[in-house]
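[1] Structure for this input, please:
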Amino acid sequence: MIIIDTDIASAFAKAGHFDMLIKLFGVVGITPRVYEELLTPLEHGHEYPREIFEKTELVTVSDDEQREYLKLRGEHAEIEKGETESIVVCLRREHSFSSFDKRAISTAKELGVNIITAGVIFKGLIVKNIATKEEVLKIIKDIETADNRLLSRVEL
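    Here you go, the predicted structure:
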């Protein structure tokens with residue numbers, strides 16, 4: 001399973017391409033803290049979190065994972081809570097983790113978590129014949145526009 005953070009989930013949903021993550025990975029999970037982070041835009045009238053809630057699996061944390069989360073928060077306070085919780089779940093359950101946040105990715109890598117970067121996602125869409133190169137370029141452009149972010153161009 002892949003566990004995604006708030007940024008990846010939001011970006012794909014805002015751009016209207018959340019289904020691409022489902023098509024690529026099958027089961028996509030979010031942790032309770034990511035769920036909570038997504039409640040904020042919903043409370044402000046944005047509807048895109050509903051699609052995320054409907055199409056992802058909520059992965060609850062165990063007592064041991066909660067203790068590990070608290071320890072990791074103390075050691076890496078610069079990482080958002082949802083990302084920290086996601087990293088712990090991935091570490092404990094051997095799931096993959098995806099984020100746009102370079103600090104979270106770096107920390108997860110240091111801890112031995114399997115990382116799936118945005119570039120790997122985009123390439124995977126092509127390799128698995130889910131989308132053409134042109135369609136992936138449109139997805140990237142749509143994400144950049146909808147999420148007001150510049151994605152590093154990857155070789156497709």
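[2] what are the ranges of the strands in this structure?
    The residue ranges that make up the strands of the chain, judged by DSSP state E, are 2-4, 28-30, 57-58, 96-98, 114-115.
[3] just checking, what packs against the third one?
    In terms of contact count using 3 or more C-beta pairs under 8 Å, 6 or more residues apart in numbering; DSSP states H and E, strand 57-58 is assigned the packing partners strand 28-30. Just so you know, the C-beta spots here come from the backbone N, C-alpha and C atoms, and that holds for glycine as well.
[4] Count the residues that sit near residue 14.
    If you count neighbours by other C-beta atoms under 10 Å, residue 14 ends up with 21.
[5] If you drop the residues flanking it in sequence, what lies closest to it?
    Computed as C-beta to C-beta, 6 or more residues apart in numbering, the closest residue to residue 14 that is not its neighbour in sequence is residue 146, at 4.1 Å.
[6] Ok, residue 139 next?
    Using C-beta to C-beta, 6+ apart, the nearest residue to residue 139 is residue 17, at 5.0 Å.
[7] Just give me the longest helix of this structure.
    Residue-count comparison of every helix in the chain, with assignments taken from DSSP state H, identifies helix 133-147 as the longest.
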